[in-house]
Each structure stands twice: as C-alpha cells, then as structure tokens.
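Asker: pasting the sequence and the predicted model now:
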Protein chains: 2
Amino acid sequence: MFWILFAVFLAACFAAGSTGGLFPPGQWYRDLTKPRWTPPNWVFPVTWTTLYLCMATAGARVALAEGNSLAMALWSLQIALNGLWTPVFFGLRKIRLGLIVLSALWLSVAATMIALWSVDWIAGLLFVPYLVWVSIAGALNASVLRLNPGKVA
Amino acid sequence: MFWILFAVFLAACFAAGSTGGLFPPGQWYRDLTKPRWTPPNWVFPVTWTTLYLCMATAGARVALAEGNSLAMALWSLQIALNGLWTPVFFGLRKIRLGLIVLSALWLSVAATMIALWSVDWIAGLLFVPYLVWVSIAGALNASVLRLNPGKVA
C-alpha cells in the first residue's frame, strides 16, 4: 500500500511541477536583472525532482498513520499552491503576484511540515528541504522584484 | 476540527480555482467556434464555487475517518490536476493538451470518488456532480478541438 500511495502523491507533485515545463523561463527571464547568487536554470528541475520524492514519501507515510487529518488537508493545500507560481511568474510575468503566491506557499509548507511532524517526525523532516528551497525561491523572487522596477506587472 | 479541515480543503480548491481568474477566457475564446450547447461564461464560476464546497466537505469528512489513506492521496492528485487545465487552455491556448489534462483530471476524480465512497458514501456522493461537470467540460473541450482545426496548438 505504501508504494501505491507514494505513486499517487508523486503523480500530484509532477502534475503541479508540469507547469515548469509548460511555462519555461525564456527570453523575458534571461533579460531580467537577477541577484548574483541566482542558481543556474538546470538547478531548478533537479532540486524539484528531489523535493518531489521527499514530499511523496512524507505524504505516503502520514497517509498510513492515524490522526493524519490536518496533515493530509494541508498536504493538498500546499500542492495546489505549488502549481500556481510558475503560470503566474513565467506565464503572466507578474513578479509581485508571484511573490504573494510564494508567501502563501511558504506558509502552507511550514504548516504542513508541523502537522506532518506531529504525526511522524521522519515525514516532518522530509519537508525541511522543501521549506528551505521555497525560502530561497522567495528571496530570489523578492530580489527580482526589487531589481526590475520597470518590469513589474 | 471539521470546520478547520473544511477551510483548508476549501483553500486548496480556491488556490486551484484562482487560475480561472488569472487566465480569463478573453477574445481568443470568444472567437473560437463552439457547440450550441456551450454554457454561458457566468455558469462556470458559479458551478465551480458549488463544486468546491462539495469537494471540501467530502475531503473534511474523509480526513476524519479511518482508512482514509488512498482517498486522501487521490484528493491531492485531483486538486493538483484541477489547477492545470486553465493555464494550459486559456494561458497557452493549447486545446489538444487541454483535453489530455481534462482526461487525466476525469480519471483522478473518478478514482477519488470511488476511494471516498469506500470510506464514507456521503463523501463519494459529493463528488458525483464534480465528475459530471468534468465530463461536460471534457465534451466541450473535445468539441472545440474538432470545430477549430486551424487553431489547434
């Protein structure tokens, strides 16, 4: 049963992550002024794939545990918000709204991590890299917002 | 606890549904040839709001029940796919890919409905209107694909 659950949660991750392939960075992103610590483009899909494996493992572990109700509801919320950032940032090129989406995602990931941890500490731990990465993404989005005042929609 | 869970699941629904406001139909959709039974635009947000209330109720009921693991994993999968269609169809204007996304959504909604039903028949029943509506949306997408051969990306 664990592997079926893992596969379903992983499919949810890749459904959200498919927006990364559908709305690629492109020329507009290349032309933006970015901070010096901006990771190269290839880092993003590699990191996300690793995070998805952690997120699906955490989801499957807690799905099988008792008292999982809040953790499961929050897992759903964070994956719905996860798929939203790329269409907003790369699709609509709305940098400010992207930061708002990332802030909501950060809060939902933090809440999910705490709820997972209260059921199964390993599952909670598996969400820590995700929270770190969303923090980095948020700092990058905020920097891009500050460095490109003329391109903010 | 029910109402906290209901609020979290409803927030997930509105996160997915916000793509409807971010990628509105616009002139491109107005100019497409559509079947005569196409619902007027105002029907869509009204229907989705009703469906979201049903989906969140079903999620919260089953989150509190035992043996909910598969239903919870599938609830996450369907909401991740739910937010994908609008950016693909109205954002990228990819009618064929939109139909593929809707087919995946239909399958995930059907699977979620069955998994919910096996835990709590009322929750399963609350997913029936959702499955009916995704069937109608799929038929509409398929018709638009057939009627606009020159505009298919």
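Answerer: Good, I have the coordinates. Everything quoted here is computed from the prediction, not taken from an experiment.
Asker: what ranges does chain A have for its helices?
Answerer: Using DSSP state H, the helices assigned to chain A run over residues A:2-22, A:26-31, A:43-63, A:69-82, A:85-86, A:95-119, A:121-126, A:128-147.
Asker: can you add mean pLDDT, mean neighbour count and distance to B:A58 and give those helices back as TSV?
Answerer: C-beta: built from backbone N, CA, C; applies to glycine. Below are these laid out as TSV (pLDDT from 0 to 100; neighbours: other C-beta atoms under 10 Å in any protein chain shown; distance: least, C-beta to C-beta, whole Å):
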stretch	mean pLDDT	mean neighbour count	distance to B:A58
helix A:2-22	96	20	17
helix A:26-31	89	10	39
helix A:43-63	96	19	16
helix A:69-82	98	28	12
helix A:85-86	94	24	27
helix A:95-119	97	20	20
helix A:121-126	98	18	24
helix A:128-147	95	16	27
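Asker: how many other residues sit next to the residue lying closest to A:Y29 once chain neighbours are set aside?
Answerer: Distances taken as C-beta to C-beta, 6 or more residues apart in numbering or on different chains place A:F90 nearest to A:Y29, at 6.7 Å, with adjacent residues excluded. Number of residues near A:F90 (other C-beta atoms under 10 Å in any protein chain shown) recorded here: 19.
Asker: give me every residue that touches A:F90.
Answerer: For A:F90, the contact set (C-beta atoms under 8 Å, 6 or more residues apart in numbering or on different chains) comprises A:23-26, A:28-29.
Asker: how near is it to chain B?
Answerer: Distance of A:F90 to chain B, computed by C-beta to the nearest C-beta, to the nearest Å: 10 Å.
Asker: go on, A:I4?
Answerer: 7 Å.
Asker: what does A:G17 give?
Answerer: 9 Å.
Asker: which residue is the nearest non-sequential neighbour of that residue?
Answerer: A:G17's closest residue in space is A:W48 (C-beta to C-beta, 6+ apart), at 5.6 Å.
Asker: I'd say the one you found and A:G20 touch.
Answerer: Yes: counting by C-beta atoms under 8 Å, A:W48 does reach A:G20; the two are 6.8 Å apart.
Asker: any shared contact partners between these two?
Answerer: With C-beta under 8 Å, 6+ apart, A:W48 and A:G20 have no common neighbours.
Asker: list the contacts of A:L131.
Answerer: A:106, A:109-110, A:113.
Asker: including distance to B:S118, could those residues go into a markdown table?
Answerer: Listed next are those as a markdown table, based on distance: C-beta to C-beta, whole Å:
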| residue | distance to B:S118 |
| --- | --- |
| A:W106 | 35 |
| A:V109 | 30 |
| A:A110 | 32 |
| A:M113 | 29 |
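Asker: got a markdown table for these, with distance to chain B too?
Answerer: Shown next, in a markdown table, are those (distance: C-beta to the nearest C-beta, whole Å):
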| residue | distance to chain B |
| --- | --- |
| A:W106 | 14 |
| A:V109 | 13 |
| A:A110 | 14 |
| A:M113 | 14 |
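Asker: ok, now which ones touch the residue nearest the centre of chain A?
Answerer: Taking C-alpha atoms, centre = their mean, the centroid of chain A lies closest to A:N82, which sits 4.5 Å from it. Residues in contact with A:N82, defined by C-beta under 8 Å, 6+ apart, are A:13, A:16-17, A:105, B:80.
Asker: look at A:P40 and report its pLDDT.
Answerer: Note on A:P40: pLDDT of 89.
Asker: gap between it and B:L64?
Answerer: 45 Å (C-beta to C-beta, to the nearest Å).
Asker: of these two, which one has the most company?
Answerer: B:L64 (17 against 6).
Asker: which residues sit in contact with that one?
Answerer: A:69, B:1-2, B:5.
Asker: equivalent analysis for A:T19, please.
Answerer: When contacts are counted by C-beta under 8 Å, 6+ apart, A:T19 touches A:83, A:85-87, A:91, B:84, B:87.
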